[in-house]
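> sequence and predicted model, in that order:
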Amino acid sequence: MTERPPRRGGLLVRLELGLAAFAPALGLLAFRAWDSRLAWLFVLPAAAGVVVLAWGAVVVAGGNREPFTFGAIEDQSGEILGHIGAYLLPILVSTTSSTEDVAVVAIVMALIVLIHVSTGRVHVNPLLYVLGRRVYSARADGTAFFLVAQSDVSGWVGAQPCVQVGANLLVEKPSAGSRR
């Protein structure tokens, strides 16, 4: 059988995941540009990213756990490095100098997010790592998925309870009484 990576997912889903992944960077840029009349260029997408994160948490919390038996699981932590440039942007640039500076930074940030959306790198969200989760590329039941897990997947034996969020994304959801 040919090994293939997980599907990138639909454009709308990738855009939502992109906003969620870059919400902190956009929030920092909004803070830096607060006195500018163009601060909304950062405030609106940052707020949308926070809403997407919250909605995702609600979907997973209310989702039905299904057992998935995993074959190959590959850590995707190396993809986090692609987010570093966007997170450094608020520190390296001044958005208080002029309206033109704010506009240029907004365009650069939009390009960074769009590149991540186009390539599908948005499945690896730095905030998930801060919250104690890791992102993996995994095969379950003959299908490739992105897997978000909190427990150590190296010890997984047998079926694991996950919530399927979209066609290509699984989120581990252990039972309430299980240890992590």
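Structure's in. What do you need? Numbering: from 1, shown residues only.
> contacts made by the longest strand along the chain with the rest, please.
Assignment by DSSP state E gives strand 66-75 as the longest strand of the chain. By CB atoms under 8 Å, 6 or more residues apart in numbering, the residues outside strand 66-75 that reach it are 3, 134, 136-141, 147, 153, 156, 158-164, 170. Placement of C-beta: from N, CA and C, glycine included.
> again, 10 Å this time
With CB atoms under 10 Å, 6 or more residues apart in numbering as the test, strand 66-75 has contacts from 1, 3, 5, 134-145, 147, 149, 153-154, 156-164, 170, 172-173.
> stretch 153-160 too?
Stretch 153-160 is contacted by residues 65-70, 73-75, 134, 136, 138, 140-141, 147, 149, 151, 170, 172-174 when judged by CB under 10 Å, 6+ apart.
> run the last query once more with 8 Å
Stretch 153-160 has contacts (CB under 8 Å, 6+ apart) with 67-70, 73, 134, 136, 138, 147, 172.
> in that stretch, what's buried?
By 16 or more other CB atoms under 10 Å, the buried positions in stretch 153-160 come out as 153, 156, 160.
> over to stretch 130-140?
Going by neighbour count (16+ other CB under 10 Å), the buried part of stretch 130-140 is 133-140.
> flag the shaky bits of this structure, pLDDT-wise.
Along the chain, the parts satisfying pLDDT under 70 run over 1-9, 85-86, 90-91, 93-97, 175-180.
> give me the most central residue, it.
For the chain, N125 is the residue whose C-alpha lies nearest the centre (CA atoms, centre = their mean; 3.0 Å).
> contacting residues for that residue?
So N125 contacts 17, 20-21, 135 (CB under 8 Å, 6+ apart).
> would you mind giving the residues you listed as JSON lines with secondary structure and distance to A110 added?
Listed next are those as JSON lines, based on DSSP: H, G, I helix; E, B strand; the rest coil; distance: CB to CB, whole Å:
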{"residue": "L17", "secondary structure": "helix", "distance to A110": "16"}
{"residue": "A20", "secondary structure": "helix", "distance to A110": "16"}
{"residue": "A21", "secondary structure": "helix", "distance to A110": "14"}
{"residue": "V135", "secondary structure": "strand", "distance to A110": "24"}
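> thanks a lot, see you next time.
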